[in-house]
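*Asks:* What follows is a predicted protein model with its sequence.
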Amino acid sequence: DLLALVNWAMHHNAESDTALNELTQKYGQDSPYVVATVYGYRGDVDRAFTWLDRALAERDSTLTSIKSDPLFAKIKADPRYAALLQKARLPL
């Protein structure tokens, strides 16, 4: 996910998209949380929650770090964030 994040930060959107596609192919099945981090960092709230919901449904253990993960700063104001924490039984 680092390549997708760095390229996005450098405004190399096409390269970031390519890296994100590769990341999704490689980790989308087993670690949807990793894919969600990229969308969260990008501020693509809907896609971030799509992947976070998938992480919850698939019991992705890394979801427990969502509250301390700075890559989700742009989505925390969305009401779905609190709802997700509640569904995951994480304190608000």
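*Replies:* Noted; the coordinates are in hand.
*Asks:* gap between residue 33 and residue 14?
*Replies:* As judged by Cβ to Cβ, to the nearest Å, residue 33 and residue 14 stand 25 Å apart. No exception for glycine: its C-beta is placed from N, CA and C like everyone else's.
*Asks:* Neighbour count: these two, which is higher?
*Replies:* residue 33 (24 against 8; other Cβ atoms under 10 Å).
*Asks:* Give me the phi and psi for that one.
*Replies:* Backbone geometry at residue 33, expressed as degrees, to the nearest 10, gives phi -60, psi -40.
*Asks:* what do you get for residue 31?
*Replies:* Note on residue 31: backbone dihedrals following degrees, to the nearest 10 are phi -140, psi 70.
*Asks:* these two touch, right, it and residue 59?
*Replies:* No. Checked against Cβ atoms under 8 Å, the pair residue 31 and residue 59 is beyond contact range at 11.3 Å.
*Asks:* More neighbours: which of those two?
*Replies:* Set residue 31 next to residue 59 and count neighbours by other Cβ under 10 Å: residue 31 wins out with 20 against 8.
*Asks:* With adjacent residues omitted, what lies nearest to the more buried one?
*Replies:* Of all residues not flanking residue 31 in the chain, residue 60 sits nearest, at 6.0 Å (Cβ to Cβ, 6 or more residues apart in numbering).
*Asks:* who touches that neighbour in this structure?
*Replies:* Residue 60 makes contact with 31-33, 54 under the criterion Cβ atoms under 8 Å, 6 or more residues apart in numbering.
*Asks:* before we move on, what about residue 63?
*Replies:* With Cβ under 8 Å, 6+ apart, residue 63 has these contacts: 33, 52, 55-56, 88.
*Asks:* could those go into TSV alongside distance to residue 19, pLDDT and secondary structure?
*Replies:* Converted to TSV, those look like this (distance: Cβ to Cβ, whole Å; pLDDT from 0 to 100; DSSP: H, G, I helix; E, B strand; the rest coil):
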residue	distance to residue 19	pLDDT	secondary structure
33	17	96	helix
52	20	98	helix
55	19	96	helix
56	24	96	helix
88	27	94	coil
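*Asks:* among those residues, who's most crowded?
*Replies:* residue 52 (27 neighbours).
*Asks:* Quickly note the distance from that residue to residue 36.
*Replies:* As for residue 52, its distance to residue 36 is 5 Å (criterion: Cβ to Cβ).
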